[in-house]
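1. Okay, sequence plus prediction incoming.
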Amino acid sequence: MGDLSGITMPTLRILDSLSDPGNAGRRNEDTTGSNASCAFVIDGATGLGGKPLLDVTSDAAWLAVFAAQAFEAEIGMTNSIADVVRNVNMRVQQRILEAPSGEIVEAWALPTASFQLVRVEGRELIVYGLGDCRLFLAGADGTAFETNGNYSKAESEGARRAVAQAGGLAAWRSLADEPVVREALRRSRARHNQPGGSVWTLGSAPEAASHLSIRRLSPALPARGLLCTDGFSALVDKYARYEGTGLIRAASERGLTTLMAELRQIEREEDPDGQKFPRFKVSDDATALLFEITH
């Protein structure tokens, strides 16, 4: 991308943020946050064991909030993000070991979370992440950048098979409740955070910190970006209503509340059964954070 030029150091400013649960009857397992140094989104995923290990309502919601609080408290201007992630996961691991389950916890039953975080470091914007959250970024010169587009393609194929197996979303609050689909999801989840594996997350594996995705960017300023969980990036990835720069422009001009309403209208009115847009649930938790970087 272009050059972060100028005498003054770039600064990051939050313009808008929004997090909306996919189901009003369940806790939102997404969260977002920021401090003077960084901004981030987190997407929690409850284990597939059928009962909570750490929280009476949602392990994933607990993990997302725990990680967000740690990020806001512990990430400074220059300290190691990997060290913060490692420490978060070590504490979660210890919490799980101390939980009074009385039985062996399968890997697929553990809560996990994806995240994407941006921090201005000197004259660069550094992007850190684990899992499938997304960043869309547009520089002043029109150059665009995005992360994690391949995750959505892989998930869409799995969702297509799941919808076919279950006969649609109408009979299931979530396709993860359908027995055959649930077993397939358990096999997939069990491969996360494993040596030689390709998916590493926030959760109970401290070694995930060694697998952070890190990108160094130098956008022409002023630049504008959108961090989002996959529930929100579905407007680009699943429903093809926008491309990345168009989503940033729409968020800037019309606000995230308007985009969230558009997202839910597609899911709940246009395609509630998942036949047009295969997915694992009618509506996923959706979170977005709009920011700009200026001199």
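-> Perfect, thanks for sending it. Numbering: from 1, shown residues only.
2. from here on, contacts and neighbour counts on C-alpha atoms
-> Fine.
3. what comes up buried for stretch 80-89?
-> 81-82, 84-89 (16 or more other CA atoms under 10 Å).
4. Equivalent analysis for stretch 117-132, please.
-> Residues of stretch 117-132 classed as buried by neighbour count (16+ other CA under 10 Å): 117-121, 123-132.
5. Where do the strands of the protein begin and end?
-> Taking DSSP state E to define them, one finds strands in the chain at 11-20, 30-34, 38-45, 112-121, 124-130, 134-138, 144-146, 213-217, 223-228, 286-294.
6. Can you tell me how far Cys133 is from Ala99?
-> Distance, Cys133 to Ala99, by CA to CA, to the nearest Å: 28 Å.
7. between these two, which one's more packed in?
-> Neighbour count, other CA atoms under 10 Å: between Cys133 and Ala99, Cys133 has more, with 29 against 12.
8. what residues are up against that one?
-> Remark: with contacts taken as CA atoms under 8 Å, 6 or more residues apart in numbering, Cys133 is in contact with 41-43, 114-116, 148, 227-230.
9. which among those residues gets closest to Ile214?
-> Nearest to Ile214 among those: Gln116, at 9.9 Å, using CA to CA.
10. burial of that closest one, as a residue count?
-> Neighbour count of Gln116, defined by other CA under 10 Å: 27.
11. Could I get the contacting residues of it?
-> Contacts of Gln116 (CA under 8 Å, 6+ apart): 40-42, 127-130, 133-135, 227-228.
12. in the stretch 151-295 of the chain, which ranges drop under the pLDDT threshold?
-> 152-154, 173 (pLDDT under 70).
13. which stretches of it form helices?
-> 179-189, 230-237, 244-254, 256-265 (DSSP state H, counting those that start in this stretch).
14. Could you list the residues in contact with the first one?
-> Under the criterion CA under 8 Å, 6+ apart, residues 48, 107-108, 162, 165-166, 175-176 lie in contact with helix 179-189.
15. Can I get that helix in PDB, CA atoms only?
-> C-alpha atoms of helix 179-189 as PDB (Å, rounded to 0.1, in the frame of the first residue of the first chain):
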ATOM      1  CA  PRO A 179     -27.000 -35.100  15.000                       C
ATOM      2  CA  VAL A 180     -25.100 -35.800  11.700                       C
ATOM      3  CA  VAL A 181     -24.100 -32.200  11.300                       C
ATOM      4  CA  ARG A 182     -23.000 -31.900  14.900                       C
ATOM      5  CA  GLU A 183     -20.700 -34.900  14.600                       C
ATOM      6  CA  ALA A 184     -19.100 -33.400  11.500                       C
ATOM      7  CA  LEU A 185     -18.600 -30.100  13.300                       C
ATOM      8  CA  ARG A 186     -17.100 -31.900  16.200                       C
ATOM      9  CA  ARG A 187     -14.600 -33.700  14.000                       C
ATOM     10  CA  SER A 188     -13.600 -30.300  12.400                       C
ATOM     11  CA  ARG A 189     -13.400 -28.500  15.800                       C
END
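16. now that helix against strand 112-121, angle please.
-> Per axes from the mean of the first three to the mean of the last three CA atoms, to 10 degrees, the angle that helix 179-189 makes with strand 112-121 is 40 degrees.
17. same thing with the third one?
-> Calculated by the same axes, to 10 degrees, helix 244-254 forms an angle of 80 degrees with strand 112-121.
18. Buried residues of helix 244-254, list them for me.
-> Neighbour-count burial for helix 244-254, counted by 16+ other CA under 10 Å, picks out 244-245, 247-249, 251-252.
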